[in-house]
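Chemist: Pasted the sequence and its predicted model underneath.
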Amino acid sequence: MTSPTLVWFRRDLRLSDHAALTAACERGGPVIPVFIRDDLVDGLGAAPKWRLGLGVAHFAETLAGKGSRLILRSGDPATVLRDLAAQTGAGAVYWMRAYDPDSVTRDTDVKEALKAEGLAAKSFAGHLMFEPWTVETKTGGFYKVYTPFWRAVKDRDVAAPVPAPAIPAPQDWPESEALEDWHLGAAMKRGAAVVRPYVRLGEEAAQSRLGAFMASKVAKYDGTRDLPAVDGTSGLSENLSLGEISPAQCWHAGIRALNEGKPGAETFLKELVWREFAYHLMWHTPRILTGNWKEDWDAFPWNEDERRAEVRAWKRGRTGIRFVDAAMREMYVTGRMHNRGRMIVASYLCKHLMCHWKIGLKWFEDCLIDWDPASNAMGWQWSAGSGPDATPYFRVFNPVTQLDKFDKDRAYVKRWIAEGVRAPSDTALSYFDAIPESWAMSPDDPYPDPIVAADEGRKRALDAYENRDF
């Protein structure tokens, strides 16, 4: 008989369109799914780690319903996988490829260690539609601007998604650790109960989300996606971040919608490629995660002191700028933030408050259930001006005029801000149940005056950006 295959699951918690799982099943012999709590898992922020824990628990239930199991182990992945292979007689270890530098280093070391033991170790594509090393400019090298990148890939073939395979089980299962002993949600504290109703958990929910979006929302997506009070987006960032759905599944659904005459589908496809672009930049220039992508911006005099009162007000949704505060509060209550809101809060922090984008990047990394390393880094650097954008410095969003444009009747603001409102919405009140008690905030507090007025902050930012000495 063919020896068992270990399938090491990470941020790919699905059964369908999973190349590593499919290959393991085709290899013959039993398949043993494994999830490892390693240093990269332990290093996640509060909300992403909590959401990962929910995803792992749900995925384990899904596997159990298929007659399989998810074996949980903690420790160094190379050591864990070697030990499991020895215990089970496995001859191969398969996994889906990751692209951030820490994961690449880890996976390279794991592959070398397993091969040294005589095991077949192989990684598979699937977290992206286009492998970063396969997309090059006509002169060689990688794309640094999104629009040419889109043109280069939009007509490429994307492999059709494959269905979930039947998973052959071993006669005897290895021991598994208990997920509750990992305490992945500990840092969320009381916020977990508030955010939990907004989570759409697992592969089935992700597919349902995609189907509903394609059926009733994608046609008008080009316009509704910018309206934060309207349920006009797919919401799939949460599921894509943990691989509960594949980008190829989303792509082919978008292509079908476009062929059916739904014009907003092209914008949806462009958003999928925007995610790809972020990963390609991270692969080719990993410094985007930790330093200015445009290195000459190292000389720009951003404030890096997170203890300042303005930063504290921004984090707590108390800037006195309603669009900014509503978006920040949406994040604490739902674990996500509307994309228009993300641009507004990022621009306000980096330009109106002249604070370093790293402050915002770190805060989002702790607060978003749809946190994604590449998208988070590129989004913040794009907003700050230090990232991949040909003309960044004069883009300073005015959060007041943006509110007039995208939330004319203030439905979004009313949904999330309670102070000064006679009968606040339940969603606005739930913010005070989600935040740390140490913040000592109450819906009965007066709403603050702006810490930096919109016009004043914009002028200050433009002066600083135009007079930069590099």
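Modeler: Received it, and whenever you're ready, just let me know what you need.
Chemist: Tally up the residues packed near His183, please.
Modeler: 11 (other C-beta atoms under 10 Å). The C-beta positions use only the backbone N, C-alpha and C, and glycine is treated the same way.
Chemist: ok, it - contacts?
Modeler: Going by C-beta atoms under 8 Å, 6 or more residues apart in numbering, His183 touches no other residue.
Chemist: what's it sitting at in phi/psi?
Modeler: Main-chain dihedrals, His183, degrees, to the nearest 10: phi 50, psi 50.
Chemist: For Met96, see how far away it is.
Modeler: Distance check for His183 against Met96: by C-beta to C-beta, to the nearest Å, it reads 26 Å.
Chemist: Next up, phi/psi of Glu437, please.
Modeler: With angles defined as degrees, to the nearest 10, Glu437 sits at phi -60, psi -30.
Chemist: measure stretch 287-307 end to end?
Modeler: Criterion C-alpha to C-alpha, to the nearest Å; first-to-last residue distance in stretch 287-307 is 25 Å.
Chemist: That one: which residues count as buried?
Modeler: Within stretch 287-307, the residues scored as buried using 16 or more other C-beta atoms under 10 Å are 288-289, 292-294, 297, 300, 302.
Chemist: Need the max-distance pair from these.
Modeler: By the measure C-beta to C-beta, Leu289 and Phe300 form the most distant pair in these, at 18.3 Å.
Chemist: how about the strands of the stretch 151-300 of the chain, start to end?
Modeler: Using DSSP state E, counting those that start in this stretch, the stretch 151-300 of the chain contains no strands.
Chemist: Point out where this structure drops to low pLDDT.
Modeler: 1, 390-394, 469-470 (pLDDT under 70).
Chemist: Which residues does the longest strand along it contact?
Modeler: What stands out as the longest strand in the chain, according to DSSP state E, is strand 31-37. Contact with strand 31-37 is made by 4-10, 21, 24-25, 56, 59, 63, 68-75, 77, 80-81, 84, 88, 90, 167-170, 173-174, 177, 182, 184, as judged by C-beta under 8 Å, 6+ apart.
Chemist: what's the answer for stretch 400-413, then?
Modeler: 226-229, 321-323, 326, 338, 340, 344, 454.
Chemist: can you pull out the strands in the stretch 1-150 of the chain?
Modeler: So, for the stretch 1-150 of the chain - with DSSP E, counting those that start in this stretch - the strands run 5-9, 31-37, 71-74, 92-96, 120-124.
Chemist: count of residues packed around Glu175?
Modeler: 9.
Chemist: So it versus Pro446, what's the distance?
Modeler: For Glu175 relative to Pro446 (C-beta to C-beta), the value is 57 Å.
Chemist: just Asn398 next, same as before
Modeler: Counting by C-beta to C-beta, the gap from Asn398 to Pro446 is 24 Å.
Chemist: Compare these two and say which is more crowded by neighbours.
Modeler: Asn398 (19 against 7).
Chemist: Contact partners for that one?
Modeler: Contacts of Asn398 by C-beta under 8 Å, 6+ apart are 454-455, 458.
Chemist: And Thr224, by the same measure?
Modeler: 217, 230, 232-233, 264.
Chemist: next one: Thr290
Modeler: Contacts of Thr290 by C-beta under 8 Å, 6+ apart: none found.
Chemist: Okay, and the beta partners of Ser74?
Modeler: Arg37 (DSSP bridges).
Chemist: burial of Pro443, as a residue count?
Modeler: Neighbours of Pro443 using other C-beta under 10 Å come to 14.
Chemist: Test my guess that it contacts Ala428.
Modeler: Yes: between Pro443 and Ala428 a contact is recorded at 7.2 Å, counting by C-beta atoms under 8 Å.
Chemist: which residues do the two both contact?
Modeler: With C-beta under 8 Å, 6+ apart, Pro443 and Ala428 have common neighbours 418, 421.
Chemist: How about the contacts made by Ser103?
Modeler: By C-beta under 8 Å, 6+ apart, the neighbours of Ser103 are 10, 40.
Chemist: Tell me the spacing between the residue lying closest to Asn239 once chain neighbours are set aside and Trp173.
Modeler: Among residues not flanking Asn239 along the chain, Ala206 sits closest, at 3.7 Å (C-beta to C-beta, 6 or more residues apart in numbering). Shown here: Ala206 relative to Trp173, a distance of 27 Å by C-beta to C-beta.
Chemist: what's the most distant pair in the contacts of Thr224?
Modeler: Val230 and Gly264 (12.9 Å).
Chemist: between those two, which one's more packed in?
Modeler: Just comparing Val230 and Gly264: by other C-beta under 10 Å the higher neighbour count belongs to Gly264, 21 against 17.
Chemist: Surely the more buried one touches Ser216?
Modeler: No: in this structure Gly264 lies outside contact range of Ser216 using C-beta under 8 Å: 11.2 Å.
Chemist: From the contacts of Asn398, which land in helices?
Modeler: Among those, DSSP state H puts 454-455, 458 in helices.
Chemist: returning to that earlier point: of the contacts of strand 31-37, buried ones?
Modeler: Buried among those (16+ other C-beta under 10 Å): 4-10, 21, 24-25, 56, 59, 63, 68-73, 77, 80-81, 84, 88, 90, 167-170, 174, 182, 184.
Chemist: can you pull the buried residues of stretch 440-448?
Modeler: Buried residues in stretch 440-448 (16+ other C-beta under 10 Å): 441, 448.
Chemist: quick one: contacts of that stretch?
Modeler: Applying C-beta under 8 Å, 6+ apart, the set of residues contacting stretch 440-448 is 313, 316, 318-320, 417-421, 424, 428-429, 432, 435.
Chemist: quick one: which of the residues you listed is nearest Trp363?
Modeler: Among these, and counting by C-beta to C-beta, the member closest to Trp363 is Arg316, at 10.7 Å.
Chemist: can you pull the contacts of that closest one?
Modeler: Here Arg316 is in contact with 328, 435, 439, 441 (C-beta under 8 Å, 6+ apart).
Chemist: would you turn these into JSON lines with secondary structure and distance to Glu466?
Modeler: Listed next are the contacts of Arg316 as JSON lines, based on DSSP: H, G, I helix; E, B strand; the rest coil; distance: C-beta to C-beta, whole Å:
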{"residue": "Met328", "secondary structure": "helix", "distance to Glu466": "28"}
{"residue": "Ile435", "secondary structure": "coil", "distance to Glu466": "37"}
{"residue": "Trp439", "secondary structure": "helix", "distance to Glu466": "37"}
{"residue": "Met441", "secondary structure": "coil", "distance to Glu466": "37"}
